[in-house]
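**Student:** Any chance you can model this:
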Amino acid sequence: MAFKKLKYWFDVELAKLLADKILTVYPDFKAIHFCEKVARQIDELELKDRVEVFADELHHFLKEEYTANISILMAILGPENEKETGMFKEFYWIMPIAKYVEKYGLQNFTVSIKAIEEITKRNTGEYTIRPFLEKFPNKTIQQMLVWSKDKNKHVRRLASEGLRPRLPWAKKLQQFIENPKPIIPILENLKDDPSKYVQKSVANCLNDILKDNEDFGKELVEKWIQNPTKERKWIVMHAIRNFRKKEDVWALKIVKQLEA
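**Tutor:** Coordinates of the predicted model:
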């Protein structure tokens, strides 16, 4: 993908790309009308609104039944992303599908959760999962606990990234700002993950916790630095970066212990 602002990739050419993919599995898709409807709406919009237009028009032009539509959309996803990069540069076109699940899939938990798992293997489900955490917190956390042990690094990353209380460009998860304890079993499963991609997510999740529940977060850090692996050392150092920048006494003590 040549360099240009991400929002401009959500244009009529993307509408044609999606339509062509859909036609291979759903020949009755009204591709021309879909592209025309998208083209009429997107020019003045920013990225998030453009993505939502695509999702809404998919909803309008696909079948009436959500599970049938998910079958169609899952069938066009193509090969999984084997790298730790490329979710936006190479798989940006999946973002409207993720938004479709986020916006229209809440009443179909099992089907939607499986779709999110497949989406995140290519793009990301970190935004899509959040309404499910709000509406079905216990069921969704249990699923994310399973994901935290998945063989696929993208799925493991989703287990922590989707739970971040203060995920950038997303609505805050107030339930975890008020009480981060439900997050911890998942982070415990991931604290020694071999993937740097996952490690960064765990560190950022812990950093979020420290912003709102400092004492609780510090207790977790102090627990984790007992006989830490090299992966956990990196996670902790990255998680406490804001304290380190301020030369906080507690953080300096943690750093000294990790470097000993």
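
**Student:** all contacts plus neighbour counts: C-alpha atoms, from now on.
**Tutor:** Fine.

**Student:** how close does residue 134 get to residue 75?
**Tutor:** 28 Å (CA to CA, to the nearest Å).

**Student:** got it, and residue 41?
**Tutor:** Distance of residue 41 to residue 75, given as CA to CA: 27 Å.

**Student:** which stretches of the stretch 151-260 of the chain form helices?
**Tutor:** Using DSSP state H, counting those that start in this stretch, the helices of the stretch 151-260 of the chain run over 153-161, 174-178, 184-190, 196-212, 214-224, 230-239, 241-245, 249-259.

**Student:** what residue ranges in the stretch 101-250 of the chain score low on pLDDT?
**Tutor:** Residues of the stretch 101-250 of the chain meeting the criterion pLDDT under 70: none.

**Student:** Give the closest residue to residue 51 in space, chain neighbours not counted.
**Tutor:** residue 96 (5.2 Å; CA to CA, 6 or more residues apart in numbering).

**Student:** tell me the contacts of that neighbour?
**Tutor:** The contact partners of residue 96, by CA atoms under 8 Å, 6 or more residues apart in numbering, come to 51, 52, 54, 55.

**Student:** Kindly recompute the last result at 6 Å.
**Tutor:** Counting by CA atoms under 6 Å, 6 or more residues apart in numbering, residue 96 touches 51, 54, 55.

**Student:** right, so the helices of the stretch 151-260 of the chain: which one is the most enclosed?
**Tutor:** Stretch with highest mean neighbour count among these: helix 153-161 (a mean of 28; mean count of other CA atoms under 10 Å).

**Student:** and the angle from that helix to helix 196-212?
**Tutor:** Helix 153-161 and helix 196-212 are oriented at 0 degrees to each other (axes from the mean of the first three to the mean of the last three CA atoms, to 10 degrees).

**Student:** what comes into contact with helix 153-161?
**Tutor:** 121, 126, 144, 147, 148, 150, 198, 201, 202.

**Student:** So what's the residue count around the fifth one?
**Tutor:** Counted by other CA atoms under 10 Å, the residues lying close to residue 148 total 26.

**Student:** what does the third one give?
**Tutor:** The number of residues packed around residue 144, counting by other CA under 10 Å, is 26.

**Student:** cool, the second one as well?
**Tutor:** Burial of residue 126 is recorded as 22 neighbouring residues (other CA under 10 Å).
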